[in-house]
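A.B. asks: what follows is a predicted protein model with its sequence.
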Amino acid sequence: KITADTLSYDMNRDITYFYTDTKIESEKDLIYCNKGYYSAKTEVSEFSNHAIIYSGKQQVSADSIWYDQKKGIGRAYKNAQLVDTASKIIICGNKAEYSNDPERITVTDQAYCIYLMEEDSFYISGDTLKAYPDSSGANVLRAWHHVLMYKKDLQGVCDSLVYTERDSLVRLYYDPIVWS
């Protein structure tokens, strides 16, 4: 169901265009945007001007979001924020790429991640962040180049970092420095 003040439908190409505040509801998702399109033939969509997608316990927001439903891949540009309330993770940056199979997120351009913990938060930033589940389904975060990490009782810098949620280990590589 698409609710918008102004939209148009190209019958020859089977594409719906929306030009103003738009709300799109499906069985699994809820999408808000101010401009975009959806192609029923290719199952490709683009949402822009402060787009937000709610899907289960996950939320994606950005100035522009492109998604290919058939291939299960998507991209978010400018002020991208991916929130997983079940895992209590927020990943941000100016360019994000997502894949369903295999499930993974890669974020660049001012990339950072926040792990929300009971009484603190764990911040990690780097040139590139990649998040994906390991074989047991636990989250893994890799960060590389110019990595910074911060928690109220721990700080560090290094070139590369791997954080595994399963064992809560942070592995620092190439010239690591840690202090508290």
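C.D. replies: Arrived safely.
A.B. asks: confidence score at Ser39?
C.D. replies: Here, the pLDDT recorded for Ser39 equals 92.
A.B. asks: ok, now how distant is Val44 from Tyr9?
C.D. replies: 16 Å (C-beta to C-beta, to the nearest Å). Backbone N, C-alpha and C define where each C-beta goes, glycine included.
A.B. asks: more neighbours: which of those two?
C.D. replies: Taking neighbours as other C-beta atoms under 10 Å, Val44 and Tyr9 compare with Val44 leading, 16 against 11.
A.B. asks: right, and the more buried one touches Tyr67 too?
C.D. replies: Yes. Assessed by C-beta atoms under 8 Å, Val44 is found in contact with Tyr67 at 7.2 Å.
A.B. asks: tell me where the model's unsure across the chain.
C.D. replies: For the chain, no stretch is flagged by pLDDT under 70.
A.B. asks: quick one, phi psi at Asp5?
C.D. replies: In terms of degrees, to the nearest 10, the main-chain angles of Asp5 are phi -70, psi -40.
A.B. asks: so what's the spatially most central residue of the chain up against?
C.D. replies: Taking C-alpha atoms, centre = their mean, the centroid of the chain lies closest to Leu82, which sits 3.3 Å from it. Neighbouring residues of Leu82 by C-beta atoms under 8 Å, 6 or more residues apart in numbering: 58-60, 76, 90-92, 96, 98, 105, 107.
A.B. asks: sort out for me which of these are in helices.
C.D. replies: Among those, none falls in helices (DSSP state H).
A.B. asks: specify the beta-bridge partners of the closest residue to Leu7 other than its chain neighbours.
C.D. replies: Closest residue in space to Leu7, ignoring its immediate chain neighbours: Phe18 at 4.4 Å, by C-beta to C-beta, 6 or more residues apart in numbering. On the basis of DSSP bridges, Phe18 is bridged to Leu7, Gly36.
A.B. asks: thought Phe18 was touching Tyr9?
C.D. replies: No. Phe18 lies out of contact with Tyr9 (C-beta under 8 Å); the separation is 10.1 Å.
A.B. asks: what sits against His50?
C.D. replies: Applying C-beta under 8 Å, 6+ apart, we find His50 in contact with 32-34, 61, 63.
A.B. asks: just the buried positions in the helix or strand encompassing it, please.
C.D. replies: His50 is part of strand 44-55 when elements are defined by DSSP states H and E. For strand 44-55, a neighbour-count test (16 or more other C-beta atoms under 10 Å) marks 44-48, 50-51, 53-54 as buried.
A.B. asks: out of the residues you listed, which is nearest to Arg171?
C.D. replies: The closest of the buried residues of strand 44-55 to Arg171 turns out to be Ile53 (C-beta to C-beta; 32.3 Å).
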